[in-house]
Each structure stands twice: as C-alpha cells, then as structure tokens.
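J.: Give me the fold of what follows.
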Amino acid sequence: MTVSKETTAVLLAIAAAGTWGLTGVFSKYLLGSAAPMIVVLIELGSSLLVSWVIVAIKFEEVEIGEKFLTASALGVLHPGLSTSLGIVGLAHLDASISSTIWALEAAMTMILATMILAEKLSVIQIFLTVCSVGGVFFTTMNSDQTREITESLYGVFLVLIAVASCALYAVFSRQISKDSAAEPLLLVAGQQTIGLLVSLAMFPFHWSADRLGDLNAISIDIWLICALSGILTFLIAMGLFLAALRYLPAGYASSFLILTPVFGLAAAFLLLGEVLNGWQWFGVFIILLSVLGIQSANSNTSG
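T.: Here you go, the predicted model:
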C-alpha cells in the first residue's frame, strides 16, 4: 500500500506537535535549575551545533543565495522570539497551562494565512477563534495562592506573543517552502543561527544575565537534558514541521498542533505531577474544543 505525500505530511505534523508538547515540559523542569534565558541559550546552542555538524556531513557544499538568506531570516520569529519569550513566560506558568495556550497557534495561523496568503476562513472559524482566546482567561485562574494573578497574566502575555511569532513563522514558511528548493535540514540550521543571535541580543535585558555565575553549579544531567530538549525542539520538531509544510497549507498543517497541549498535559501530569483546577480545565476545554471546531470547519471548506 502506497502512502500519499499528504498523508505522510500529516503524520510529520502530528509528530512535530508531540515533540513540542514533550519538550515544553522538559523546559519547565529545567527552569528549576537554571535561569530562563540561560536555558534558551543552552538549548539553542546545542541544537545549532548538532545541526551544522549534520549539514557539514550531509552536504559537500552549501549555496548561500538570496532565497536561503530570506528563509533563514524567519529565525527571528522562530526560534528567536518564540523561544526566548516562550520560556521566560513559562517561568511564570505551569507547563500544562503554557502547553494549552500554544494550542492557539493553529487559530492564529489560520487567520494570518487568510490575511497574508488568501487562504479561506469562514465566519464560524472566526467565531471559534474568539472563543479560543477567551478560554485563555480561565487558564490563568490558578488556585495556588503563592502565584499572584499579575504574575500569571505576565506569563500568559509573553507566551501569547511567542505563539503569534510561531504563527507568523508558519505562514511565511509555507510560502518560502514553495519558492525555495533548500533542504529542510539546511533551512533549520540557518534559522537556528539567526534565532540564537536574536536570543543573545535579548539576553542582557533579562535578569538571567545576572545568573551567569550559576553555570558552574548546573549538574551534568541538567546540561544533558537541556541539550536533548534543544535538539528535539529546534532540530527534530522544526525539521518535521517544515517538511510537512511542503505538502500542506499553512493553516491546515498548523491545525494539527492542537495535539501539542494534549501531549503537554499528559507529560506535565506524568513527569511534573501538575494538576489543573476546575476553572483551568474549563479554559482548556474551551480552547481545545474551539480549535478542533476550527480544524473541522477548515476540512469542510477544503472539501
């Protein structure tokens, strides 16, 4: 039985969502031992090193043309802004809540794809998008009195900006994937390079810069988990998603990211023991149901 390119692309998108859901929990675990921006730099640096080593082994020569540089510039959005702001925001939120907010990426991508790429978006999809954003409000209702509501809102705000950055990245990547013949691995390496430069530029402006001395106190196992998390997040997951975008519309491919919080919630419960309260589960339900509805409406429109 022959598997179509579209089916393969769907499986790649699902695998990317699962990987991102798991690594989000890894990052939350790492924040207990290192400052947010230090985690970002170690993750990105590790993945970048491995990426270029693989590129050097796989390609005898690399052509650095205008299209490649344009595609690499998307690294400003992801992993640059999305990762830096996402992990800093994660420091103020539970991993399960952060994973749920990332489900909004699918809705944001569909709206941006409609505005930029002229992909169709129905009235019901717009309505459900508004509902999904409303669901974020309930996820901030943490019963833990040690975390003030202003801290949760600050974390949500940063993660929402990170999600918007990823949505823009997905839309522009869809167009570039059509125009560029560059291999996904090469694009990932280029984008990670730009992303690391963005994170380095942001580093001095965050309190993490005052914690550089803590590097000596970080244990080997934390370094290894950090490196593994970075490779999974920026090399494996990004490569899978870029490959999927070659054969799927940006909005439709991103709709499978609804599975990211599903994996994230499960991993947060199993690995970190996080449990949501009633209002937070209500918010999760609204977000997931809304985005599933958007995906269903998108399928019906495409059909």
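J.: Excluding covalently adjacent residues, which one is nearest to His206?
T.: Excluding the flanking residues, the one nearest His206 by Cβ to Cβ, 6 or more residues apart in numbering is Met37, at 4.8 Å. The way it works is simple: take the backbone N, C-alpha and C, and place the C-beta from them, glycine included.
J.: Going by neighbour count, list what's buried in the helix or strand hosting the one you found.
T.: For Met37, the host element (DSSP states H and E) is helix 36-58. Neighbour counts over helix 36-58 (16 or more other Cβ atoms under 10 Å) mark 36-48, 50-52, 55 as buried.
J.: Same question for stretch 57-67.
T.: Val62.
J.: ditto for stretch 167-176
T.: Within stretch 167-176, the residues that count as buried by 16+ other Cβ under 10 Å are Ala167, Leu168, Tyr169, Ala170, Val171, Phe172, Ser173, Arg174, Ile176.
J.: what pLDDT, on average, does it get?
T.: Across stretch 167-176, pLDDT averages out at 82.
J.: contacting residues around it?
T.: 67, 70-71, 74, 77-78, 82, 105, 108-109, 111-113, 116-117, 187, 241-242, 245, 249-250, 253-254 (Cβ atoms under 8 Å, 6 or more residues apart in numbering).
J.: Mind giving me the packing neighbours of the helix holding Met37?
T.: helix 5-30, helix 82-90, helix 184-202, helix 220-230 (3 or more Cβ pairs under 8 Å, 6 or more residues apart in numbering; DSSP states H and E).
J.: Just want the angle from the second one to helix 220-230.
T.: The one in question is helix 82-90. Interaxial angle of helix 82-90 relative to helix 220-230 (axes from the mean of the first three to the mean of the last three Cα atoms, to 10 degrees): 130 degrees.
J.: Which helix or strand lies directly C-terminal to helix 82-90?
T.: That would be, after helix 82-90 and using DSSP H and E, helix 95-101.
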